[in-house]
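**Student:** Here's my sequence, what's the structure:
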Amino acid sequence: MSARPAPARASERTPPQQLRLPLESHGVSEALVESACNAEAMRVLARWPDGVGSVLALSGPAGSGKSRLAAAWAERVGAMALHGAEAALIDPAELEGRPVLLDRAQDADDESLFHLINLAAAGGGALLLVSRDPPRAWPSALPDLRSRLDAIRAVAVEAPDDAVMAAILRTRFVERSITPSEDVIDYLVRRLDRSADAASRAVDRLDALHRPVTRALARLALDKDSSDASDGNPPPGAA
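**Tutor:** So this is what the prediction gives:
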């Protein structure tokens, strides 16, 4: 008598788009997609520090990917990464001669910014400042800092275009082992606000429905988001 075949495992019975695996935080190891919205910034960061100034500013709207570009640069050069007000807590001796990334740079106090800029210029280091606005638009009560901010070389990242939005969506879906068709990606790209956060929220909404991700489901999820927004309720992940 032949042996009874073993029952199918759950992973064999469940369509790939239905699997719900533990999520991992996305890091700078993700492929950075070059497009018109970020090409100049990627080109500059790929070769900086390049001897043309020891301080560089990277600016762009929320969700444009500027922090990811900066984190990739920091990983490449071994920079110490700081965020905003953390600049006031670090011992300057630890930064001498080292590349430094200061994200949310506009949140740092004037004195800390002044010392970081001077340290980068004098110690052979490099300082990458990341913020929504370029340094020339930052308020400053210190005349010496004002002149330094106005002189900083700046490069901008624009809001994600179609190619970058599609890449962000694909990455977020892959993190959840969901493989939507290209027409779903195209539909979402046309309908979503131009930011990485908007793409992540859309994928979160679709993942939470626990159904195969189709264009019809995408339409339903986005219509629900629009209805929630009109009623004053933020979509999931927007708080």
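
**Student:** these two touch, right, P160 and A198?
**Tutor:** No. Using C-beta atoms under 8 Å, P160 is not in contact with A198; the gap is 9.1 Å. Bear in mind the C-beta positions are built from the backbone N, C-alpha and C, glycine included.

**Student:** Who has more neighbours out of these two?
**Tutor:** P160 (28 against 22; other C-beta atoms under 10 Å).

**Student:** Just the pLDDT at the residue lying closest to the more buried one once chain neighbours are set aside, thanks.
**Tutor:** Once flanking residues are discounted, P160 sits nearest to R194: 5.2 Å by C-beta to C-beta, 6 or more residues apart in numbering. Looking at R194, its pLDDT reads 92.

**Student:** what does G125 give?
**Tutor:** 86.

**Student:** Give me the common contacts of P160 and A198.
**Tutor:** The contact sets of P160 and A198 overlap at G63 (C-beta atoms under 8 Å, 6 or more residues apart in numbering).

**Student:** State the number of residues packed around A199.
**Tutor:** 26.

**Student:** average pLDDT across the strand or helix carrying A81?
**Tutor:** Taking DSSP states H and E as the definition, A81 sits inside strand 80-83. Taken as a whole, strand 80-83 has a mean pLDDT of 95.

**Student:** List the contacts of the residue nearest to P160.
**Tutor:** R194 touches G63, A159, P160, D161, M165, counting by C-beta under 8 Å, 6+ apart.

**Student:** Compare those and tell me which is most surrounded.
**Tutor:** Counting by other C-beta under 10 Å, top hit in the contacts of R194: P160 with 28 neighbours.

**Student:** ok, that one to L58 distance?
**Tutor:** Relative to L58, P160 is positioned 15 Å away (criterion: C-beta to C-beta, to the nearest Å).

**Student:** One more: R148?
**Tutor:** From R148 across to L58, the span is 17 Å (C-beta to C-beta).

**Student:** Between these two, which is the more surrounded one?
**Tutor:** L58 (26 against 18).

**Student:** pLDDT (mean, whole number) over the strand or helix carrying that one?
**Tutor:** Per DSSP H and E: L58 is located in strand 55-59. Averaged over strand 55-59, pLDDT sits at 97.

**Student:** Then stretch 151-161?
**Tutor:** 95.

**Student:** Same check on stretch 210-228?
**Tutor:** Rounded mean pLDDT across stretch 210-228 is 85.

**Student:** Repeat that for stretch 90-100.
**Tutor:** 88.

**Student:** how far is that stretch from where the chain is centred?
**Tutor:** Averaging C-alpha positions (C-alpha atoms, centre = their mean, to the nearest Å) puts stretch 90-100 25 Å from its chain's average.
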